[in-house]
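Trainee: Provided below for reference: sequence and predicted model.
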Amino acid sequence: MRNKTPTEVTEIHTRLSRRALLLGGTMLAFMTGLGFRMRHLQLDQADQYRLLAEENRINIRLIPPARGEIFDRNGIVLARNEPSYRVTLVPEDAGNVDAVIDKLATLVELDPNELDRAVTEMRRSPPFLPVTIADRVSWDELSRVAVNTPALPGITPEVGLSRYYPLRGDLAHVLGYVGPVSDYDLSKIDDPDQLLRIPRFQIGKVGLEGRMEDDLRGVAGTKRVEVNAVGRIMRELDRREGEQGDDIQLTIDQQLQSYAQARLGDESAAAVVMDCETGDLLAVASAPTFDPNLFVEGISVADYGDLTNNDHRPLAAKSVQGTYPPGSTFKMITALAALEAGVVGYDDTVYCPGHMEISNRRFHCWKRGGHGQMNLVQALRESCDVYFYDLALQVGIDKMSTIAAQFGIGEKFDLPLSGVARGLNPSRDWKSSVRGEDWVVGDTANASIGQGFVLASPLQLAVMTARLATGKAVPPRLVKSINGVDQPLPEPPRLDISPTHLAEVQRGMYAVSNHRRGTAYSKRIIEDQYRMAGKTGTSQVRNITAAERARGVTRNEDLPWNRRDHGLFVNYAPFENPKIAVAVVVEHGSGSKAATPIGRDITLQALYGGTPPLSAYPTKDRNRIEKQQEELEKLVPGREITRRNRA
Amino acid sequence: MSYLEYNVKHVPAGLRKVLHLNWALLLLITAVAGVGFLMLYSVAGGSFSPWAEPQMKRYALGVFAMFVVAMVPIWFWRSVSGFAYLVSLILLVLVEVMGSVGMGAQRWIDLGFMRLQPSELMKITLVMCLAAYYDWLPTEKTSRPLWVLLPVLLIIIPTALVLRQPDLGTSILLLTGGAIVMFLAGVHWGYFAAVISMVVGLVVAVFQSRGTDWQLLKNYQYRRIDTFLDPSSDPLGAGYHITQSKIALGSGGWTGRGFMQGTQSRLNFLPEKHTDFIFTTLAEEFGYIGAISLLSLYALIVVFCIASAIANKDRYSSLLILGIAGAFFLFFAVNMSMVMGLAPVVGVPLPLVSYGGSAMLVLMVGFGLVQSAHVHRPRQV
């Protein structure tokens, strides 16, 4: 190769330099481009990207609020939140998960189902998320775990809140219960609260818990946490405390409620006690009852089967949901209708031969031989059916229906309870539109003694009785205060009934339990200041055929249970200065004699504010009553129940 | 007239060479490496381990290597250029063979104290070899087809080997780096124009063929292209990296979120935060000002190299310096384009900043060559 001359070398180098500069220029231009791109991303779109970065890193977690508690009118706890203990495991921290679970099993009884569920959950979720290994463990077990945590890597004893009903069954039908949110619950709500997405969050299902869910639930708090790309919480940024649910005070008197529940015992029965002046419901009992605590964590199939297969229907809130023919307790309405219509005077009498022919059908009086001449007070006192047939035929269903409506029959009261029954206040319009038939005279005769189409719930009967006692349209009330704020208590309007007519009916009711021929005389109250006025009732659940009647009516007690008559009793007391109204219904109790003593006992319990002295009872009953009182006192929880721990 | 004949007596000798080093260049390199240490310290959550400390040690080793290389006269390096290229090529083949023999997809050779990636080495030796080739080749033959084909083969063989590893990023760097040297050596415009128009034609053909009978790529390959063109179409899959990277960059703003305050890197939203995506952390924590500063440092390094090359009358030295500067430029240009969403994610680290041994050492050796050419440049009598 020949050597280049210096000129050639310079020329070659110049060409190289030219291309080098061209390349350098291209590079710088590219770098300027990068600079502008950076400017575009970092300055022009900075806000947008900053927002995205925040969204990436910040996660909002909910803090469940404590559910509002429920108290009785005297401040006794009816529903509260109890610490519920569980054991969780973080697989990542545990290392050898199986070994840790084996060790844990020596300290805590592990439910194999729960364990299976936990193992599946572990496989699905990231290893740093806690998984519940044992739920609802006892305090003892929890303490054992807590003491041994150094030997149990990844295991944390945790405390949460769970609903507890210290009275168990005593107010189950009013309070209802809470339970874990189900998909069905969520499907019913349009825009569910985020809280409901928390696994096992407890929501009110039925009763007051269900109907006042919005007040009781409270508002979730939030905490903002910084999470990394896989969702692990790095630190808490800030927290906004939620609002605890509203505490609710009921008008219920726990002592009276528990007494009423115990007094009803295993009967299929209901009792309602109402304050005559304010409408406060002091006791709303339905028997038999159930333990709502069973439902809180989800009830077992076996327990639920026991409750639903029972022919006494423990899950039904009979006091507000059940409707019954009111029987003779409806006679006050018939009497008032006749008095108001002016078709009968106080002293007009009707002759009762034991039956009455109405449109070629024979309507019987309960007393086969008949009552003879009866005036209003006597007819109420002895519950003469024929007298009221006669009145009803004169006054007609229209007036009766109007009066019944004033006393709350057929009215759906606005109470925060599930399935409050409307009952049935029959009228011509109702029959023609629903049944497509014309009203006939026989229907009026049946209605006059509370049979036929008339249906009322024990609650409606209590309201009716309170209105009879006061002459005012007292509405029932269950919630006394919410979060310490008393609910308004407007003065109820007077009924559009002449006070003298009302007084006459009251006199009849007084005679029922205080005149020696009264149907409730044997179950009277002796104490003068607490004497009561009432009305017994028996409602048939079957027709008695003419053939049967000829044969001799079978004794009610000899019939199968579900064919026996219902027994009813309504009353208010004290007579001169009415304070409380009581309604009792005993399903298939074979007549009013099953209901009357219950009504009387509850009345005394309410008026004395505890166990009444034996002197209030008729002399010959006192021995039996004394034994009964001893037994019931064992069943009624004392006030210390609220402080007793459930473990 | 060759370099040796009229200049050697004017070149400094012995330890006096140290005084004639391009100290400004070394200062710029150290500044960039310093930024790297800072960012590695930050992404480790304020800790020298596991990245910042080994990186500093490697840099110290790299500076030592640079000095050694710089002390050796450039004419020695020219004479071993072809040999160095051959050794790199053999190592590349060796890695390929070892990989296929059963050690899995391995790209490195374990030297005990570090793992050497032959593909990294090839980036420098290819430039050396091409520079020596064009120094030897009479200029009038530069654009003749036969003499163009030879360097093209020199480039294509190692590129193909690297592509098989598979390492798309490095093969692009090799291809483009080699082309830059050929361009500087004075190969006729026409060749480049032809290649570029062929590539453009191919790209158009690939896109036009989509959905037709003669479709050139598989469907999944098209989907990858889609993801690159619009990362938000697949935010949790392949587009995740680039989306998160842009979020990190963008959230930096003017001055950034503060040292060690970048949430995107701190909370692991950024992938490969200590290697390929370290620039995003810088941009997130120091904002536009920080990012532009680093870009300026890189620009200065390139400018200094070009200036040094133009001032150097020796053809081999000029081509070598420019080739290395070009490779260096490609490194950071591809990386930055990648994290800014301008190029597909091909796995090219940010030179001198990203954590990694081979790349750092090879680059420092490259800069050693630049220094050697600078120290031993021909001087006017």
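Mentor: Received the coordinates, thanks. Quick caveat, the model's predicted, so the values are computed rather than measured. Numbers count the residues shown, from 1 in each chain, chains lettered A, B, ... in the order given.

Trainee: tell me how far whichever residue of chain B sits closest to chain A lies from residue B:295.
Mentor: Closest approach between chain B and chain A, counting by Cβ to the nearest Cβ: residue B:250, at 2.5 Å. For every residue, glycine as well, the C-beta is placed using N, CA and C. Here the criterion is Cβ to Cβ, to the nearest Å. By it, residue B:250 lies 17 Å from residue B:295.

Trainee: which of the two has more neighbours?
Mentor: Between residue B:250 and residue B:295, residue B:250 has the larger neighbour count (other Cβ atoms under 10 Å in any protein chain shown), namely 28 against 19.

Trainee: distance of the more buried one relative to residue A:138?
Mentor: 55 Å.

Trainee: ok so, going back, do I have it right that the residue of chain B closest to chain A meets residue A:49?
Mentor: Yes. Taking contacts as Cβ atoms under 8 Å, residue B:250 lies within contact range of residue A:49: 2.5 Å.

Trainee: what is in contact with the two at once?
Mentor: residue A:41 (Cβ atoms under 8 Å, 6 or more residues apart in numbering or on different chains).

Trainee: which non-adjacent residue is nearest residue 325?
Mentor: Because you didn't say which chain, this covers chain A. residue A:539 (3.9 Å; Cβ to Cβ, 6 or more residues apart in numbering or on different chains).

Trainee: other chain: chain B
Mentor: Excluding the flanking residues, the one nearest residue B:325 by Cβ to Cβ, 6+ apart is residue B:305, at 3.6 Å.

Trainee: also residue A:413?
Mentor: Residue A:413's closest residue in space is residue A:476 (Cβ to Cβ, 6+ apart), at 5.3 Å.

Trainee: got the phi/psi numbers for that neighbour?
Mentor: Residue A:476 adopts backbone torsions of phi -70, psi 150, taken as degrees, to the nearest 10.

Trainee: lowest average confidence, helix or strand, in chain B?
Mentor: Between all helices and strands in chain B, the lowest mean by mean pLDDT, DSSP states H and E belongs to helix B:3-7, at a mean of 50.

Trainee: let me know the pLDDT of the residue of chain B closest to chain A.
Mentor: Residue B:250 carries a pLDDT value of 81.

Trainee: following the helix or strand that contains it, which helix or strand shows up next?
Mentor: Per DSSP states H and E: residue B:250 is located in helix B:240-251. Toward the C-terminus, helix B:240-251 is succeeded by helix B:263-266 as the next helix or strand (DSSP H and E).

Trainee: and that next one, what does it pack against?
Mentor: helix A:46-57, helix B:240-251, helix B:278-311 (3 or more Cβ pairs under 8 Å, 6 or more residues apart in numbering or on different chains; DSSP states H and E).

Trainee: hmm, 6 Å instead?
Mentor: Packing partners of helix B:263-266 (3 or more Cβ pairs under 6 Å, 6 or more residues apart in numbering or on different chains; DSSP states H and E): helix A:46-57.

Trainee: quick one: secondary structure of the residue nearest to residue A:438 when sequence neighbours are not counted?
Mentor: Nearest residue to residue A:438, sequence neighbours excluded (Cβ to Cβ, 6+ apart): residue A:432, at 6.5 Å. Put simply, residue A:432 is helix when judged by DSSP: H, G, I helix; E, B strand; the rest coil.

Trainee: just to check, residue A:158 is in contact with residue A:86?
Mentor: Yes. Assessed by Cβ atoms under 6 Å, residue A:158 is found in contact with residue A:86 at 5.4 Å.

Trainee: more neighbours: which of the two?
Mentor: residue A:86 (20 against 15).

Trainee: so, low pLDDT: which residues of chain A?
Mentor: Along chain A, segments meeting pLDDT under 70 span A:1-4, A:191, A:199, A:228-232, A:545-546, A:549, A:552-554, A:638-647.
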